[in-house]
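Visitor: Provided below for reference: sequence and predicted model.
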Amino acid sequence: MAADRAGASTRRAAGSHYHAGRERQRGRFAGPLLRYLGIALLAWLLVTATPVLLLRWLRPLTSAFMVEARVAAWRTHQHDYHTDFRWVSLEQISPHAAIAVIASEDQQFPFHAGFDFNSIREAVRASGYRRPPSASGTSRRCA
């Protein structure tokens, strides 16, 4: 009987060792996987946030409109095309012009925190709960 108890405890000990080994084996893959996912997330944040933060202090070299005009001139063989521009701060622009640009995209932009949830809700209802059109393109471009 004592031998049976010793054998049972040996089997239990071996069984618990077996389960601990499986957990250790899972941990061998979970740790590095979580580490690589964390590194990838941090790299993605740095790659996407750094240019946006730099534009807070540095003026952009060009804009999409300038590139589009240059490509159109290149296609029509206007090799002497030159965009004449001067970046100015928002304070140097007429407030009416700034509001007009914003209003052309989203008339409610000055009155919400970036997402016009009322317009989004109306767009969802109007679409019959299909994929709705964007309710605010300004927020996407600002992001």
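Guide: In hand now; what should we look at? Bear in mind the structure is a predicted one, so any value in this text is a computation, not a measurement. Residues are numbered from 1 along each chain as shown.
Visitor: Low-confidence stretches in this structure?
Guide: Scanning the chain with the threshold set as pLDDT under 70 gives 1-27, 110, 129-143.
Visitor: Which stretches in it count as helices?
Guide: Along the chain, counting by DSSP state H, helices occupy 2-54, 64-75, 95-105, 117-126, 137-142.
Visitor: Please save the CA atoms from the second one in PDB.
Guide: The reference is to helix 64-75. The C-alpha coordinates for helix 64-75 follow below in PDB (Å, rounded to 0.1, in the frame of the first residue of the first chain):
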ATOM      1  CA  ALA A  64      -0.400  67.500 -53.100                       C
ATOM      2  CA  PHE A  65      -1.800  70.400 -55.200                       C
ATOM      3  CA  MET A  66       1.700  71.500 -56.100                       C
ATOM      4  CA  VAL A  67       2.700  68.000 -57.100                       C
ATOM      5  CA  GLU A  68      -0.400  67.600 -59.100                       C
ATOM      6  CA  ALA A  69       0.200  70.900 -61.000                       C
ATOM      7  CA  ARG A  70       3.800  69.900 -61.600                       C
ATOM      8  CA  VAL A  71       2.800  66.500 -63.000                       C
ATOM      9  CA  ALA A  72       0.100  68.100 -65.200                       C
ATOM     10  CA  ALA A  73       2.700  70.600 -66.600                       C
ATOM     11  CA  TRP A  74       5.200  67.800 -67.200                       C
ATOM     12  CA  ARG A  75       2.600  65.800 -69.100                       C
END
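Visitor: can you list contacts of it?
Guide: Residues from elsewhere that reach helix 64-75, judged by CB atoms under 8 Å, 6 or more residues apart in numbering: 79, 81, 83, 85. In this view, the C-beta of every residue, glycine as well, is placed from N, C-alpha and C.
Visitor: Good, wrapping up.
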